[in-house]
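J.: Here's a sequence, model it:
(3 chains)
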Amino acid sequence: MASIELKDLHKSYGAVEVIKGIDLSVGHGEFCVFVGPSGCGKSTLLRMISGLESVTSGDIEIGGDIVTRVPAADRGLAMVFQSYALYPHMTVRQNLSFGLENINTPKAEVNAKVSEVAAMLQIDQLLDRRPKDLSGGQRQRVAIGRAVVREPRVFLFDEPLSNLDAELRVDMRGEISALHKRLGNTMVYVTHDQVEAMTMADKIAVLRLGELEQFGRPLDLFNNPRNLFVAGFIGSPKMNFMTGTVHGADRSLLNLDTGEEVSLPVKGFSHHAGDKVTLGVRPYDLRPHASGSIHIQVGAVEQLGTDSYLYGALADGTRLTVHNPGQTRVCAGDNVAMHFAPEAVHLFDTKSGLTLRGFDTEDDLTLHKPS
Amino acid sequence: MLTIISPIMRIIEIPMLALQRVLGIHRFAWVFLLPNLILLCLFAFLPVILNVAYSMTSGDNILLEDRPYVGTDNFTRLTECSNHFDPNSCSEDKFWRAIWNTLWFVTLQVGFMVGFSLLTALILNREIRARGFFRSVFFFPVLLSPVVIALIWKWILQRDGVLNAFLDWTGVGGFNWLVDAEWAFAWTVFLTVWAHMGFYTLILLAGLQAIPRDVYEAALMDRARPWRIFWRITLPLLAPTMLVVLVLALIRSVQTFDEVFAFTGGGPGTATTFIIQYIYERGFAGAPRLFGMASAASLMVAGVLVVLTLVQLWVNRRNVDG
Amino acid sequence: MNRVWQFITATRGQGRMDWTDWVTYGYLFLGVFLMFFPVIWLVLSSFKTEADIQRYPPTFLPYQQERVMVDGYDEPLPLYRITGGAYEGQVLAQVRRVGLQAQMVDPENPAGGRVRVDTDQREPVERVSLAVENYTGLFERFNFLRFFWNSTFITVTSTLLTLLVNSMAAFALSKYQFRGRTVVLLLVIGTLMIPQTVVLVPLFLIVTQMGMFNSLWGVIIPGAATPTGVFLLRQYMITIPDEILDAARMDKASEWKIFWRIIVPLSAPAIAVLAILAIMWRWNDFLWPLIVLTRTENLTLQLALNSFQGEMSTEWSSLLAMTVLTLLPIAMVFMFLQKYIATGIASTGGK
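T.: Below is the predicted model:
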């Protein structure tokens, strides 16, 4: 069993705190993706799990053992680096066997394992070449092979696809997922690309500025983002946000800052009249409609044939993106009324940024506010 | 500075523009090349050819036309020995002493220097504080002039110097270092290593830092132990740089003259007389000035240096390709 | 102090100091001692009086004997503390010394008359003091400024010449396609193989024939066109995009203007590195100047220093002061440009 348990993990460089107390647990065999903008600490967190980066405070448990002070070499993990970090002076075969030789594996066993893994990753033709004679995709396979051959408890991937071109990236994404199904190991994968996260992960951890914003299954994050940041980060194109004030006795109306009025869902949300809230609507939930409650000035139109995108702004300058299936007659410069269904909206407290979904009393809300 | 140069450059531009009109853009390149080329031909190529001519003449007149042609006599005289391992049996015994001294010196000096440079570079490449400071500490003597270096150490090593005072204090007892042939030689090796190792340390450190951090981390994840990382990762990846350093150190070591000349003057006796000093003494210090012998010896040294430089160029090219 | 210790002992990586860290810092501090102590010792010694320099074992700091003016004597008299005999504990000034006896007088009470003291029953009263006269003496007794000027003139002129000539050649070899380019490149590589040290005799002939024997120009001109410089600059200029030159040509700039207004400013970092190297080469140059410059008024600092070490071997105080002054310009350059020198040298392999 190789589950991973992070307990109140902190990391500081001098006075700068880069990981600010993270609790997280990845179950055995799960594919967990750390995602977030650059500088969010996701790579640091991965390197702390690997043992390459020291821990300032808190604990790391792998398979039930506390490994916080165990050196990287003894944690039984394997890592695939962003730059691949192949040994430039060794052939592919030597690259694969180096780790096995380090733990004094018998020669016959080394050869057998290397051949097996090479066949699995289709690099058996390349075994006698050196890294500089390989293409980017081939290097990537060797890097993965080097991790696989040692049969580690956990695989760690540090943005492994960011040096590949777009097409190859899609292919490798599929292969890594297939590899995960085949081996069934626990994998932790770092990326800044939310599409990678959504397509590959069993669980996604969204990080920002060294803090865990939300942890859960991909669609849970998409459907129920815990705060404005996650709502904006997960999903492409990004969710649209509009700010306003709740009014009406049944708290079912929202006065937008533009002066326009839209109706709000009441069930499942915990807002009150007079609250300053942020309304979130995904681009595909907006559509042009003569009776639409908000009006946007269209700045640009992108026609892709099967889909079209409108980029525009509300009267107060708030930018909006609209996704329209099929083709559209709207042109740049048009002023278009937009409609959205009340049940499609997300609602956030403007001040704290937290979602208003699911809390019916004010007490509940304050409980979940960040300290 | 610029206010002086700018107008000058503008004045130069007038004839240059006229030249450019006549020559066209591509042939104008020769105008840029010419000054450097003339200097190189006059002070590098012409001397090489003349050197061959000198080596086949004798007498102490500097003008070639006044020098009698003697064919290979100079070379014969230089290489004439009944036993090449025993300078006393050679007709030009000083030359052979210088050769054997130089051989010993090059072996020891290059060996110690590259060894200590590597050690220092490895240590500077560790996770240490104030790396920049320590790096410049080791580099500092590289900038000192040979005469200054020689005087500094002469002052420390003299009979009533601070080293002897220290040794007296510890009870080991002082010693007249530079009067003893073997000690003088040893101190010569020490002094040149002291003065130049910072330079090679710098190159090796640059080589070490060019090894990606990732590769070390990958090795760590592959459960390699420190010694194994050193032998299987660090050394193989540093090998090209080591080769450059080795060849460069050899080329420089063969030409050692300045520091040693100011330090021991080649003595005591001929204990620290190296090949360049032999050439200098035959050609320029004291009468008769045996230009022919000096040139013949120069030609031999040049042969060695050409081979070493070709190796160096080959190594450099291989590094660029690899 | 505790915090300083924490700062020194904490490693950048994880964990506390282990034995390898102790060895590391041990080696480094030994290195600091070995590299710096000789120079510090030189500087301290250069401030010692000739008498202090003769002392064995030597003291770390320069000391001088105290002297006082005593009524009735024209010159200041040296002070001694008496360690034995009838006057034990007193501080007396010495009037003159006769054999193992010294005639001394109480500086507080000169009228009390002279007394005799055994020379082994007294020790000199000393204080730390810098013998600046070692330095001022250089200017009074030797033509020091002349040597300094010679060195400076050679260094500056030769460096400027090297920069101009080398950058022109590098420009031609990096940015023009012309017949014979490969041949020229090979020629320049060829000169890498023939250092001055192996063509001394014919070089001497050429310089003599051109009337530059015993002239500073005989040192400046033969060393001006360095192959290292050409390669260093060419390597850098190759990275300047050709489009910039083409754009300048479209703007009707002449080739000379392109060189001067575009290539030179854009290559400034490489030129700066070469400038530092050239200054170092010239200032420290020894063998060739030793052959070309033989008259005293022509000597460079290095030559003067070397010849004086023969003549003044008994007068270390002046010699050491002169050594410090020779070392000083390079030490200053080092302090201000340390970073550039290091990277420049590491990148070119030139010295």
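J.: Wasn't C:P57 part of a helix?
T.: No. Going by DSSP: H, G, I helix; E, B strand; the rest coil, the assignment for C:P57 is coil, not a helix.
J.: what about the residue nearest to it when sequence neighbours are not counted, neighbour count?
T.: Leaving aside its chain neighbours, C:P57 sits nearest to B:A165 (3.7 Å; criterion: CB to CB, 6 or more residues apart in numbering or on different chains). C-beta here means a position set from N, CA and C on the backbone, and glycine is covered the same way. B:A165: 16 surrounding residues under other CB atoms under 10 Å in any protein chain shown.
J.: just checking, next helix/strand downstream of the strand or helix carrying B:A165?
T.: For B:A165, the host element (DSSP states H and E) is helix B:162-170. Sequence-wise, the next helix or strand downstream of helix B:162-170 (DSSP H and E) is helix B:181-209.
J.: in its sheet, what does the top strand by length along chain C sit against?
T.: Secondary structure of chain C per DSSP state E: the longest strand is strand C:91-98. When pairs are called by DSSP bridges, strand C:91-98 turns out to pair with strand C:77-82 (antiparallel), strand C:101-105 (antiparallel).
J.: right, and these - which one's nearest C:I220?
T.: For C:I220, the closest of the strands paired with strand C:91-98 is strand C:77-82, at 50.7 Å, according to CB to CB.
J.: So which bits of that closest one are buried?
T.: C:L77, C:P78, C:L79, C:Y80, C:I82 (16 or more other CB atoms under 10 Å in any protein chain shown).
J.: List just the nearest of these to chain B.
T.: Nearest to chain B out of the buried residues of strand C:77-82 is C:P78 (CB to the nearest CB; 22.2 Å).
J.: Please list all residues in contact with that closest one.
T.: C:Q65, C:E66, C:R67, C:A93, C:Q94, C:P124 (CB atoms under 8 Å, 6 or more residues apart in numbering or on different chains).
J.: Now rank those residues by neighbours and give me the top one.
T.: C:A93 (22 neighbours).
J.: That one contacts C:L77, correct?
T.: Yes. Contact criterion CB atoms under 8 Å: C:A93 and C:L77 qualify, at 3.8 Å.
J.: what do these two both touch?
T.: Here C:A93 and C:L77 have C:V68, C:V70, C:V105, C:P107 as joint contacts, going by CB under 8 Å, 6+ apart.
J.: Quick one, which of those are buried?
T.: Applying 16+ other CB under 10 Å to the shared contacts of C:A93 and C:L77 flags C:V70, C:V105, C:P107 as buried.
J.: Could you measure from the nearest residue to B:L167 once chain neighbours are set aside over to C:W41?
T.: Excluding the flanking residues, the one nearest B:L167 by CB to CB, 6+ apart is B:G174, at 5.1 Å. Remark: distance between B:G174 and C:W41 (CB to CB, to the nearest Å) = 16 Å.
J.: same deal with B:A224?
T.: From B:A224 across to C:W41, the span is 45 Å (CB to CB).
J.: which of these two has more neighbours?
T.: The neighbour comparison of B:A224 against C:W41 (other CB under 10 Å) goes to B:A224, with 22 against 19.
J.: list the contacts for C:P329?
T.: Going by CB under 8 Å, 6+ apart, C:P329 touches C:W283.
J.: Let me see the confidence value for the residue most central in space within chain B.
T.: Nearest to the mean C-alpha position of chain B, by CA atoms, centre = their mean, lies B:R252 at 1.7 Å. We have a pLDDT of 90 for B:R252.
J.: thought it was touching B:A195?
T.: No. If you go by CB under 8 Å, B:R252 and B:A195 don't touch, sitting 10.9 Å apart.
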